[in-house]
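Peer 1: Sequence and predicted structure, then a few things I'm wondering about:
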Amino acid sequence: MGDGVAVCRIFVTFASRESGFIHREKALCQQLSRPVLYVIGDCRTNFDAVWMMMRSRIIAVSYLNTIPFIYGIEHADVKLHADLVLSPPRNCAALLRAGEADIALIPVAAIPTIPDIRIVTPYCIGASNSVRTVVLASNSPISELRTIYLDSHSLTSVGLVRVLSSRLWHIEPEWRPMDDFSVLDAPQEQTGYLMIGDKVFTHENNFRYYYDLADQWREMTGLPFVFAAWVARKSVPEWTVEELSSALGYGVEHIPQAITCYHYDDKPYAYDYLTKNIDFCFDEQKHRALKLYWTEKMKVDPPINPG
């Protein structure tokens with residue numbers, strides 16, 4: 001940059017649970033005797049372009065089950081040089097596909113549909129037991145269901161309920177999009193509702209029957225399940241992946257602090273959910289489960305343009 005100008009790096013990007021808006025915290029730059037160039041995300045200078053090329057953009061899911069990851073990214077002592085944006089699961093995949101991100105935590109159903117990416121880090125959003133926040137709820141037994149409303153926020157869960165309907169439950173319901181979540185307040189008979197994420201906690205008393213999809217998958221296969229995995233573009237350097245892995249590990253080791261930091265300490269279910277329901281370790285069993293899920297999903301939901 002030359003001796004006459006100093007460059008000040010700025011901002012970590014994140015979204016607050018309360019507002020849902022993206023905020024940028026600017027790092028303070030030490031006063032220098034020579035001119036200072038403040039490089040900010042909204043600039044369109046050549047210097048800004050050079051700096052942004054050096055950074056990665058990370059997209060992650062905005063649910064309770066990701067707060068250990070978010071905490072690690074924001075608080076671990078690593079040199080990640082990346083900006084973090086939170087989004088619903090399906091949007092994470094769309095942003096990655098559109099080239100708006102370099103690294104993302106995305107629903108595993110979307111991974112085969114995005115070219116030039118690879119699975120990275122030994123961490124995921126998985127379940128070895130009941131997951132609790134991916135359920136099919138109804139006021140009728142599953143064998144009597146004629147219609148199932150689908151929460152489209154996660155393609156993985158939509159694919160999973162279709163696989164289970166075909167392979168385990170042996171039902172052929174009518175599939176409807178759940179565009180308006182108010183239908184959960186007045187459930188109909190012989191109708192199921194696929195719910196994912198934090199909304200399960202607020203509606204779990206509205207139904208007589210709950211089918212935890214991780215339990216149902218394990219009954220069918222004997223394996224755990226993976227709902228979302230970290231992926232990166234092939235151009236992302238390995239040192240960035242290693243720093244990300246270190247940050248994620250730090251977050252998983254500091255779950256109580258993450259709960260407090262993101263204001264879930266008033267939720268009595270938060271700690272048990274993150275330590276008993278969610279399994280963050282992407283081990284060999286989960287890799288096997290993921291490959292089997294892709295195979296089974298292809299049978300019930302083949303691509304429009306095969307190959």
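Peer 2: Good, I have the coordinates. Numbering: from 1, shown residues only.
Peer 1: how about low-confidence regions in this protein?
Peer 2: 1-54, 303-307 (pLDDT under 70).
Peer 1: how about 90 then?
Peer 2: Low-confidence segments of the chain (pLDDT under 90): 1-56, 61-63, 79-82, 86-94, 151-155, 179-183, 185-187, 196-206, 301-307.
Peer 1: ranges for the helices of the stretch 201-307 of the chain?
Peer 2: With helices called from DSSP state H, counting those that start in this stretch, the stretch 201-307 of the chain shows them at 213-221, 238-252, 255-261, 270-272, 284-300.
Peer 1: Next, format the ones you listed as JSON lines and append mean neighbour count.
Peer 2: The C-beta positions use only the backbone N, C-alpha and C, and glycine is treated the same way. Listed next are these as JSON lines, based on neighbours: other Cβ atoms under 10 Å:
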{"stretch": "helix 213-221", "mean neighbour count": "20"}
{"stretch": "helix 238-252", "mean neighbour count": "19"}
{"stretch": "helix 255-261", "mean neighbour count": "17"}
{"stretch": "helix 270-272", "mean neighbour count": "15"}
{"stretch": "helix 284-300", "mean neighbour count": "16"}
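Peer 1: Which one of those helices lies nearest to residue 127?
Peer 2: When the helices of the stretch 201-307 of the chain are compared by Cβ to Cβ, helix 213-221 sits nearest residue 127, at 3.9 Å.
Peer 1: between that closest one and helix 284-300, how many degrees?
Peer 2: 80 degrees (axes from the mean of the first three to the mean of the last three Cα atoms, to 10 degrees).
Peer 1: what's the single longest strand in this protein?
Peer 2: The single longest strand within the chain, with elements called by DSSP state E, is strand 117-127.
Peer 1: Contact partners for the residue nearest the centre of the chain?
Peer 2: Residue closest to the average C-alpha location in the chain (Cα atoms, centre = their mean): residue 61, at 3.5 Å. By Cβ atoms under 8 Å, 6 or more residues apart in numbering, the contact list for residue 61 reads 86, 87, 88, 89, 92, 105, 125, 228.
Peer 1: which of these are buried?
Peer 2: 86, 87, 88, 89, 92, 105, 125, 228 (16 or more other Cβ atoms under 10 Å).
Peer 1: Tell me which of those fall in strands.
Peer 2: 86, 87, 105, 125, 228.
Peer 1: hey, what's the second one bridged with?
Peer 2: I take that to be residue 87. Residues in a beta bridge with residue 87, per DSSP bridges, are residue 61.
Peer 1: Likewise for the third one?
Peer 2: In this structure, residue 105 has beta-bridge partners residue 230, where bridges are defined by DSSP bridges.
Peer 1: so who does it touch?
Peer 2: Counted by Cβ under 8 Å, 6+ apart, residue 105 has contacts 59, 60, 61, 66, 69, 92, 125, 228, 229, 230.
Peer 1: Who are the packing partners of whichever strand or helix holds residue 193?
Peer 2: Under the criterion of DSSP states H and E, residue 193 resides in strand 191-196. When contacts are defined as 3 or more Cβ pairs under 8 Å, 6 or more residues apart in numbering; DSSP states H and E, strand 191-196 sits against strand 134-138, strand 147-150, helix 155-164.
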